[in-house]
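A.B. asks: Provided below for reference: sequence and predicted model.
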Amino acid sequence: MDRVSLTDLPGDNQDIWSQLSEDVASNLRRSVVSLVLKSARRTPFAFSGIAIERQNNVTKFVTTGVLVTLFQTGEFEEKINVHYEGNVTTGYLDKWDSDFQLAIVKVLCLLDVDCICLNPAMEFKPCKQLIAVGRVLDKLIAASGKISRGSKNREFLIFPTIFKNWLGAAFFDHDGNFVGMNHKDLFPSKIFLERSKSRGAFRYVGMNGRYEIRGGEHHFHPEAYDVVDKEQFLNLNSLGYPIPSRSMVKRGMKLVNTCEDPFGDLYPKGVWGEFRKRVSSEISRNIVALASFKGETRFFACTGIFIDYDDECPKILTSASLIRDRADRSKIVEGLRIAVSFSQDKFIGELKHYSLHYNVAVVSVDNHRVLCPVNLENSPVKLHDSMAKDSTVVAVGRVFQSGALMAASGKLTVGSSMLDCEILCYSTCKISKAGIGGPLVDVDGNFIGMNFHGMSYGCEKIGTPYLYREDLCRILEFLKTKKTTEFSFGGSVHGDVEPINEWPMPGPYWFDPNDTEEDVNDKQELVADGCPVRYSFGSISVLK
């Protein structure tokens, strides 16, 4: 990474930048971007944005909630131009918080930016100066303010003049520590800062610091600081789950819709007793958990089953959700690493075939012996017979993290949903995301189909969708030979050509246990609708 020389920075700010070390100056320059809203009827509107996250091929910036206010007028384009270091890319509104006037903008790629440290426990000793840093298009702007003593419990920050176009500008101390963000269009010349009475140390404000006017004076609000220390949630970070705010933690909110959520009964209890011992043993040996990783961060996890597919190395049938790009559902995420968990053992998997249209994937593993892979072609189960007899069926899944094997029983049912795929069948077995890609079997262990998630487009009112065995055989044959065949209920198998079937996947979110059942149902319907959502402080918003 190139180091920025002080002489490379804008000449108008030379006196300010000369007060900093070259490392600090370089980091500050790379921490702030320009966010520009465009409109056909109005002049463009520019904000500064502060880099806060860079992972999973996504870069995120925080800025003032004024950006959302402008969006809600309907006069600005949804795409946000992000200017940084002479480059321009496209960003989108990701989340916002109207209470604290914050907005998060995301870019669907990794930008060469320096993310600020957000640690709510961090306090800074009193210093003599703060630096405000912003960016207007490619121009970096900076202002230095002096801190003067006010009263016993407060000091104030004085700037030599009132500035314009500083919305979203960041405050740093001379060591490069982030201490706040500007929310005012007209940058006030005097800002009062309150001292922490509990620790006696001076605490400015965190990421979502905001202004309050008291007696005509502008005050920063330390109480608005609502970001937890990410070090406490490293495990969530590595699993690709959202980090809660401090208020979420205090309210006892729970993370739901994860790939670790259990369902049914754990092996060998409960419904497992309905199988003969030999059958349950064979099922347990055939079921694996899979996880895909982008770098060190997990992308997705689900269930798979060993199948008799060809004479080469063992093959696993699973869901293409393992590899589907969430930003563009007609593509896969390239370069994912696939791990296969079988009881206490873990293997490296390799993607062999996939169909995003039918949500099917085939993964191979080396150096593993499979005693009784499922033969999809030879099964005594006939769908009409099973439904006529009202036979019990069982959905099976395995959790990647723990290796726990789970099963839930139910009946085959008739219905339809708003899912695009027209060849889906349904059962009343209730599964979690961990059961996606897992098998649906009868009590004799005969394979009926592969399960998908049921909390989407009204499926939860009908049952869990699955692809029937005979239709899976035709899809797998097409993936192997590219020869078109007919489904059991009519229609032809075809490849991933537009329009590709939608397979909405509810994302993990923080749930407030104090919500009423109606509130929960509303949230689930919103999450299931396939729109990006934001869940924070007990409320959910659809970002369209």
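C.D. replies: Good, I have the coordinates. Residues are numbered from 1 along each chain as shown.

A.B. asks: Ser391 touches Ser409, doesn't it?
C.D. replies: No: applying CB atoms under 8 Å as the test, Ser391 and Ser409 come out as separate, 10.6 Å apart. C-beta coordinates here come from the backbone N, C-alpha and C atoms, glycine included.

A.B. asks: what's the span of stretch 435-447, first residue to last?
C.D. replies: Distances were taken as CA to CA, to the nearest Å; on that basis the terminal residues of stretch 435-447 are 15 Å apart.

A.B. asks: Pull out the buried positions in it.
C.D. replies: For stretch 435-447, burial by neighbour count (16 or more other CB atoms under 10 Å) applies to 435-443, 445-447.

A.B. asks: State the distance from His494 to Val24.
C.D. replies: As for His494, its distance to Val24 is 57 Å (criterion: CB to CB, to the nearest Å).

A.B. asks: Who has more neighbours out of these two?
C.D. replies: Val24 (18 against 12; other CB atoms under 10 Å).

A.B. asks: just checking, that one touches Phe178?
C.D. replies: No: look at Val24 against Phe178 with CB under 8 Å: they stay out of range, at 11.7 Å.

A.B. asks: roughly how far is the helix or strand hosting Gly91 from the heart of the chain?
C.D. replies: Here Gly91 is covered by strand 87-97, with elements defined by DSSP states H and E. Chain-centre distance of strand 87-97: 15 Å, with CA atoms, centre = their mean, to the nearest Å.

A.B. asks: So what's the gap between the helix or strand following that strand and the chain middle?
C.D. replies: With elements assigned by DSSP H and E, the helix or strand that comes after strand 87-97 is strand 102-107. In terms of CA atoms, centre = their mean, the gap separating the centre of strand 102-107 from the centre of its chain is 13 Å.

A.B. asks: give the contact list for Glu486.
C.D. replies: Contacts for Glu486 were tallied using CB atoms under 8 Å, 6 or more residues apart in numbering; they are 474, 492-493.

A.B. asks: still on that earlier bit, neighbour count: Ser391 and Ser409, which is higher?
C.D. replies: Residue environment comparison for Ser391 versus Ser409 gives the larger neighbour count to Ser409, 19 against 15, counting by other CB under 10 Å.

A.B. asks: Show residues contacting stretch 324-332.
C.D. replies: Under the contact criterion CB under 8 Å, 6+ apart, stretch 324-332 has outside partners 108, 320, 323, 333, 354, 356, 359, 496, 498, 500, 502-503, 505.

A.B. asks: buried stuff in it?
C.D. replies: Neighbour-count burial for stretch 324-332, counted by 16+ other CB under 10 Å, picks out 324, 329, 332.

A.B. asks: Now do the same for stretch 73-93: mean pLDDT, whole number.
C.D. replies: The predicted model gives stretch 73-93 an average pLDDT of 88.

A.B. asks: how about it as PDB, C-alpha atoms only?
C.D. replies: Coordinates of the C-alpha atoms in stretch 73-93 are reproduced here as PDB (Å, rounded to 0.1, in the frame of the first residue of the first chain):
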ATOM      1  CA  THR A  73     -38.600  12.900  -1.400                       C
ATOM      2  CA  GLY A  74     -38.500  10.500  -4.400                       C
ATOM      3  CA  GLU A  75     -36.500  13.100  -6.400                       C
ATOM      4  CA  PHE A  76     -33.100  11.300  -6.200                       C
ATOM      5  CA  GLU A  77     -31.900   8.200  -7.900                       C
ATOM      6  CA  GLU A  78     -31.400   5.000  -5.800                       C
ATOM      7  CA  LYS A  79     -27.800   4.600  -7.000                       C
ATOM      8  CA  ILE A  80     -25.300   6.700  -5.000                       C
ATOM      9  CA  ASN A  81     -22.000   7.800  -6.600                       C
ATOM     10  CA  VAL A  82     -19.100   7.000  -4.300                       C
ATOM     11  CA  HIS A  83     -16.000   9.200  -5.000                       C
ATOM     12  CA  TYR A  84     -12.700   8.100  -3.500                       C
ATOM     13  CA  GLU A  85      -9.100   8.700  -4.500                       C
ATOM     14  CA  GLY A  86      -9.900   9.700  -8.100                       C
ATOM     15  CA  ASN A  87     -12.300   6.700  -8.600                       C
ATOM     16  CA  VAL A  88     -16.100   6.600  -8.800                       C
ATOM     17  CA  THR A  89     -18.200   3.500  -8.000                       C
ATOM     18  CA  THR A  90     -21.900   2.800  -7.200                       C
ATOM     19  CA  GLY A  91     -23.300   2.500  -3.700                       C
ATOM     20  CA  TYR A  92     -26.700   1.700  -2.300                       C
ATOM     21  CA  LEU A  93     -28.600   2.600   0.900                       C
END
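
A.B. asks: Residues contacting that stretch, please?
C.D. replies: 29-30, 33-39, 41-42, 45, 49, 61, 67-68, 70-71, 103-109, 111-113, 135, 137-138, 543.

A.B. asks: What's the PyMOL line that selects buried ones from the residues you listed?
C.D. replies: To isolate in PyMOL the members of the contacts of stretch 73-93 that are buried, counting by 16+ other CB under 10 Å, one can use:
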select buried, resi 29+30+33+34+35+36+37+45+49+61+67+68+70+71+103+104+105+106+107+108+111+113+135
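
A.B. asks: Among the contacts of stretch 73-93, which lie within helices?
C.D. replies: Restricting these to those inside helices, with DSSP state H as the criterion, leaves 29-30, 67-68, 70-71.

A.B. asks: ok so, going back, from the buried residues of stretch 435-447, which ones fall inside helices?
C.D. replies: For these, not one is inside helices, with DSSP H as the criterion.

A.B. asks: of all the residues you listed, which comes closest to Glu274?
C.D. replies: When the buried residues of stretch 435-447 are compared for distance to Glu274 (CB to CB), Val443 wins out at 5.1 Å.

A.B. asks: list the contacts for that closest one?
C.D. replies: Applying CB under 8 Å, 6+ apart, one finds that Val443 lies in contact with 274-275, 279, 391-394.

A.B. asks: Equivalent analysis for Ala434, please.
C.D. replies: Ala434 is in contact with 259-263, 289, 301-303, 397-400, 406, counting by CB under 8 Å, 6+ apart.

A.B. asks: do you know how far it is from Leu405?
C.D. replies: Here the distance between Ala434 and Leu405 works out to 10 Å (CB to CB).

A.B. asks: do Lys106 as well
C.D. replies: Lys106 sits 37 Å away from Leu405, taking CB to CB as the criterion.

A.B. asks: got it, and Met505?
C.D. replies: The value you get for Met505 to Leu405, if CB to CB is used, is 23 Å.

A.B. asks: just checking, Asn27 touches Asp114?
C.D. replies: Yes: applying CB under 8 Å, one finds Asn27 in contact with Asp114, separated by 4.6 Å.

A.B. asks: Of these two, which one has the most company?
C.D. replies: For Asn27 against Asp114, the residue with the higher neighbour count under other CB under 10 Å is Asn27, and the figures read 18 against 15.

A.B. asks: and the nearest residue to Asp261 once chain neighbours are set aside, what is it in contact with?
C.D. replies: Nearest residue to Asp261, sequence neighbours excluded (CB to CB, 6 or more residues apart in numbering): Ser432, at 3.9 Å. Going by CB under 8 Å, 6+ apart, Ser432 touches 261-263, 397.

A.B. asks: in the stretch 101-250 of the chain, which ranges drop under the pLDDT threshold?
C.D. replies: Judged by pLDDT under 70, the stretch 101-250 of the chain has its weakly predicted residues at 101, 118-128, 147-165, 183-232, 234, 245-248.

A.B. asks: Can you show me the helices along the stretch 151-300 of the chain?
C.D. replies: Using DSSP state H, counting those that start in this stretch, the helices assigned to the stretch 151-300 of the chain run over residues 234-238, 246-250, 277-286.

A.B. asks: looking at these, which is closest to Pro268?
C.D. replies: Nearest of the helices of the stretch 151-300 of the chain to Pro268, taken as CB to CB: helix 277-286 at 6.3 Å.
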